[in-house]
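Peer 1: Based on what follows, work out the 3D shape:
(2 chains)
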Amino acid sequence: GAVVSQHPSWVICKSGTSVKIECRSLDFQATTMFWYRQFPKQSLMLMATSNEGSKATYEQGVEKDKFLINHASLTLSTLTVTSAHPEDSSFYICSARDSGGGNEKLFFGSGTQLSVL
Amino acid sequence: QKEVEQDPGPLSVPEGAIVSLNCTYSNSAFQYFMWYRQYSRKGPELLMYTYSSGNKEDGRFTAQVDKSSKYISLFIRDSQPSDSATYLCGATSGTYKYIFGTGTRLKVLA
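Peer 2: Sure, this is the predicted structure:
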C-alpha cells in the first residue's frame, strides 16, 4: 500500500516553543491531507483539512493561529504547534488522500507524540 | 446520530476464533468504505478498502458491505494475538470528507 511518512515520531519541548510536524506522501500525490489529534483510548479528532496551494480548513474549536498548517507541495504538509503549552500534549496523526485511479483511499502517517513540559 | 456508528468493545476472543467487527452508517452518499487497524501509539493502517456491496477478501480478512442496510463488517479468520488492536471503520462519499467510527478494541487471547 501507499506510504505516508510522518516525522518526528515523538518530540518533547518546553512550554512556549514551537514544534513542526511533517507529513509526506512517498509514492503518490496528495492534493488533500488531514490532521488529527488523538487522546489515549479515544477516537481520531479531525483538526483540519489541508489542500495543496490553498488555506487549510479548520474544524470548529481548533485555533488556526495556534495550529499552523502549510501544504506547499503535492507531497508535503506541515503542522506547526505554535507557543506550545502542556495542554497541547497529545498524539498527532496526519493522513493523505490518494484519489488516483478513481479511488478514494486514505493513508495515515505513523503519528507524532508531543509532550510539552 | 453519528454518521458512522461502531461498538467500542472491548472484544476479547480466544486465539483461532473468527472475529466479526461491525459498523453502521446513516449517510446514503457514502460510496467508499475502509477498515483500519491501529496499534497503540501508531497511526491507523489501511486493511481493507471497498466501494461496492458484497464481500472482499484479503488473506484472513474479509470486508463486507451491505448498502441496502447501511452495514459494513470486517471478519478476521484464525485470529492471532498479533491481531490485538483497535479497528476503525471509515466511509466517504468522495467529497474530501472521511468519517470514522470510534473504533473497536480487540484482544485475542493466546
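Peer 1: list the contacts for residue 11?
Peer 2: The chain I'm using is chain A. A:19, A:21, A:112-115 (C-beta atoms under 8 Å, 6 or more residues apart in numbering or on different chains). In short, each C-beta sits where N, CA and C put it, glycine included.
Peer 1: not quite, I wanted chain B
Peer 2: B:Leu11 makes contact with B:19, B:21, B:104-107, according to C-beta under 8 Å, 6+ apart.
Peer 1: what two of those residues are the furthest from one another?
Peer 2: With distances taken as C-beta to C-beta, the most widely separated pair in those is B:Leu21 and B:Lys107, at 12.7 Å.
Peer 1: neighbour count winner among these two?
Peer 2: The neighbour count for B:Leu21 versus B:Lys107, taken as other C-beta atoms under 10 Å in any protein chain shown, is higher for B:Leu21 (22 against 14).
Peer 1: Is that one within a helix or a strand, and which one?
Peer 2: Assessed by DSSP states H and E, B:Leu21 sits inside strand B:19-25.
Peer 1: pLDDT averaged over that strand, what's the number?
Peer 2: Averaging pLDDT along strand B:19-25 yields 96.
Peer 1: and that strand, which strands flank it?
Peer 2: The pairing partners recorded for strand B:19-25 under DSSP bridges are strand B:4-6 (antiparallel), strand B:71-76 (antiparallel).
Peer 1: now for the ones you listed, which one comes closest to B:Ser26?
Peer 2: Per C-beta to C-beta, nearest to B:Ser26 of the strands paired with strand B:19-25: strand B:4-6, 7.9 Å.
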